[in-house]
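[1] Need a 3D model of the following:
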Amino acid sequence: MLRKRSISRQVLDVTYAVVFVLLLLPSTLSQSSGSPGAAVLIGFGIALAIRRRSPRWSLALAWVLAVVQMVSGVLPLSADTAIFAILYCSAAYGDNVVRRLGLASAVVGGVIAALYLAFVDGNPFGAPTDAGFQEPRLLQATVLLAALWAMLGLSWALGRLAYARRTAIESAHARELAEVHQARAEQEVAIEQERNRIARDMHDIVAHSLAVVIAQADGARYVRALDPAAVDTALTTISDTGREALSDVRVLLGQLRHSQGDLPTPGPGDLERLLDQMRATGLNIDSSIDTGDVSLGAGAHLALYRIAQESLTNALRHGDPNSPVTVSIESDSAGVELTVRNSVFPGLPAAESSGHGVAGMKERAGLSGGTCTATGDASSWTVTAWLPTTTPSTKGTT
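    Okay, here's the model as predicted:
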């Protein structure tokens, strides 16, 4: 298997191998080994050139050259030092199999090399050849084995440490990249949630304001001949509604551009103002509001206001104008319940049940920890929302 390496690094490895061969070639040719030694040197140069691109083939070639060297009776050469670099690369750049083979090569190769150096006649490391000197040869082999294992094992161990360090760096980079992707994903989710929130607010503001404006404009057109003063009232309501909607829309658009603050959170008194505004459009509303001393959070207050606003807007657009709309707000220590019920024209299903308004009301209630249901039949439509309190009620205490 060939590892991917840049051209510049591969050229550097080849250059190192060529320099290695050229530096050792004169001394190799001057030894008694002659041409076989030069062939072994060139072979080790090739193994060095591919040691990082293909540690598997480099290790295999080193074994072949070692066997050829021993079979040909070539004495130890300076080229044999290439084995240390090859073992290093087998542990640093090879896969699991190559790393194990490299360790096995260090152990087995050390034994074979020690026996070869100690017992081959003519070897400068060997002891005298008389039979009476076998014991010194064994001692020589033991010392050589210890030295070879130390050098070969150190080369392999350094390669293994380099592999562990490189793996740790790659893991750290992978973790950093994963954290960057996670942060980016969380940011995208937050942006999407903010866009959805702004879209809900925009829907509520525009739908409510346009419904009020349309109702006032139609009413003024119908009564202008009979009651001219009513036209002025209708125009005033249209002007106030449009001005308020324009202010809210500007705030929302500013949030899109500059991440400004949220819209002002409606308080309990704003519900009464909302009911008065809807009554000014001609909507007949029977209300019963009892919030007691319960405390709703800012998010729950906004959800309560928007749900009431959406329900009344739907009643104005789709309900029966001849029947009153019932608005009831009751509270206890657990939370506040809003109920808006309006009649629809007989035989006409509630059109708002499939729109975005109902889904927005349910989502607002859910984000505040409450619930919202919208049900209807051929004669009526009812929206019920329950929102939890943030503190226990003190109603009825002194």
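[2] which residues touch the spatially closest residue to residue 207 that is not a sequence neighbour?
    Leaving out its chain neighbours, the residue that sits closest to residue 207 by CB to CB, 6 or more residues apart in numbering is residue 313, at 5.6 Å. Any C-beta I mention is one placed from the backbone N, CA and C, and that applies to glycine too. Applying CB atoms under 8 Å, 6 or more residues apart in numbering to residue 313 gives the contacts 207, 208, 211, 212, 357.
[3] just residue 323 next, same as before
    Taking CB under 8 Å, 6+ apart, one finds 284, 342, 343 in contact with residue 323.
[4] repeat for residue 18
    Residue 18 neighbours (CB under 8 Å, 6+ apart): 45, 49.
[5] mind running it again at 7 Å?
    Going by CB atoms under 7 Å, 6 or more residues apart in numbering, residue 18 touches residue 45.
[6] Following the chain onward from the helix or strand harbouring it, which element is next?
    Here residue 18 sits within helix 7-30, counting by DSSP states H and E. Of the helices and strands lying after helix 7-30 in sequence (DSSP H and E), the nearest is helix 35-49.
[7] Compute the inter-axis angle for that next one and helix 7-30.
    160 degrees (axes from the mean of the first three to the mean of the last three CA atoms, to 10 degrees).
[8] which one of the contacts of residue 323 has the most neighbours?
    residue 342 (27 neighbours; other CB atoms under 10 Å).
[9] Next, that one: secondary structure please.
    strand (DSSP: H, G, I helix; E, B strand; the rest coil).
[10] hang on, it packs against residue 317?
    No: using CB atoms under 7 Å as the test, residue 342 is too far from residue 317 to be in contact (10.4 Å).
[11] Run through the stretch 101-250 of the chain and note the low-pLDDT ranges.
    Applying pLDDT under 70 to the stretch 101-250 of the chain flags residues 120-135, 191, 194, 198, 205, 247-250.
[12] all helices for it, in order.
    Counting by DSSP state H, counting those that start in this stretch, residue ranges of the helices within the stretch 101-250 of the chain are 134-223, 228-258.
[13] Flag every buried residue along the next helix or strand after the shortest one.
    Right, helix 228-258. The helix or strand immediately downstream of helix 228-258 is helix 268-280, counting by DSSP H and E. Across helix 268-280, burial judged by 16 or more other CB atoms under 10 Å covers 270, 271, 274, 275, 277, 278, 280.
[14] for the residues you listed, which one is nearest residue 242?
    Within the buried residues of helix 268-280, the smallest distance to residue 242 is 12.4 Å, found for residue 277 (CB to CB).
[15] Report the contact partners of that closest one.
    residue 212.
[16] cool, and residue 371?
    365, 386.
[17] separation between it and residue 361?
    Distance from residue 371 to residue 361, counting by CB to CB, to the nearest Å: 10 Å.
[18] Excluding residues flanking it in the chain, which one is nearest residue 284?
    Using CB to CB, 6+ apart, the closest residue to residue 284 is residue 324 (4.2 Å).
[19] Please read the previous query as pertaining to residue 43.
    Nearest to residue 43 is residue 65, by CB to CB, 6+ apart, at 4.5 Å.
[20] Alpha carbons only: can I get whichever strand or helix holds the one you found in PDB?
    Assessed by DSSP H and E, residue 65 sits inside helix 55-71. The C-alpha trace of helix 55-71 is given here as PDB (Å, rounded to 0.1, in the frame of the first residue of the first chain):
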ATOM      1  CA  PRO A  55       6.900   1.100   4.800                       C
ATOM      2  CA  ARG A  56       5.700  -2.400   3.900                       C
ATOM      3  CA  TRP A  57       7.800  -2.800   0.800                       C
ATOM      4  CA  SER A  58      10.700  -1.000   2.300                       C
ATOM      5  CA  LEU A  59      10.800  -3.500   5.200                       C
ATOM      6  CA  ALA A  60      10.400  -6.400   2.900                       C
ATOM      7  CA  LEU A  61      13.300  -5.200   0.700                       C
ATOM      8  CA  ALA A  62      15.500  -4.800   3.800                       C
ATOM      9  CA  TRP A  63      14.900  -8.400   4.700                       C
ATOM     10  CA  VAL A  64      15.800  -9.500   1.100                       C
ATOM     11  CA  LEU A  65      19.000  -7.500   1.200                       C
ATOM     12  CA  ALA A  66      19.900  -8.900   4.600                       C
ATOM     13  CA  VAL A  67      19.500 -12.500   3.400                       C
ATOM     14  CA  VAL A  68      21.400 -11.800   0.200                       C
ATOM     15  CA  GLN A  69      24.200 -10.200   2.200                       C
ATOM     16  CA  MET A  70      24.500 -13.200   4.500                       C
ATOM     17  CA  VAL A  71      24.200 -15.800   1.700                       C
END
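[21] can you list contacts of it?
    1, 40, 43-44, 46-47, 50-51, 83, 86, 89-90, 93-94, 98, 101-102, 105, 109, 116.
[22] Show me which positions of it end up buried.
    Buried residues in helix 55-71 (16+ other CB under 10 Å): 55, 56, 57, 58, 59, 60, 61, 62, 63, 65, 66, 69.
[23] just the angle between that helix and helix 35-49, please?
    170 degrees.
[24] Now the next helix or strand after helix 55-71: average pLDDT?
    Once helix 55-71 ends, the next helix or strand along the chain (criterion: DSSP H and E) is helix 82-93. What helix 82-93 shows for mean pLDDT is 92.
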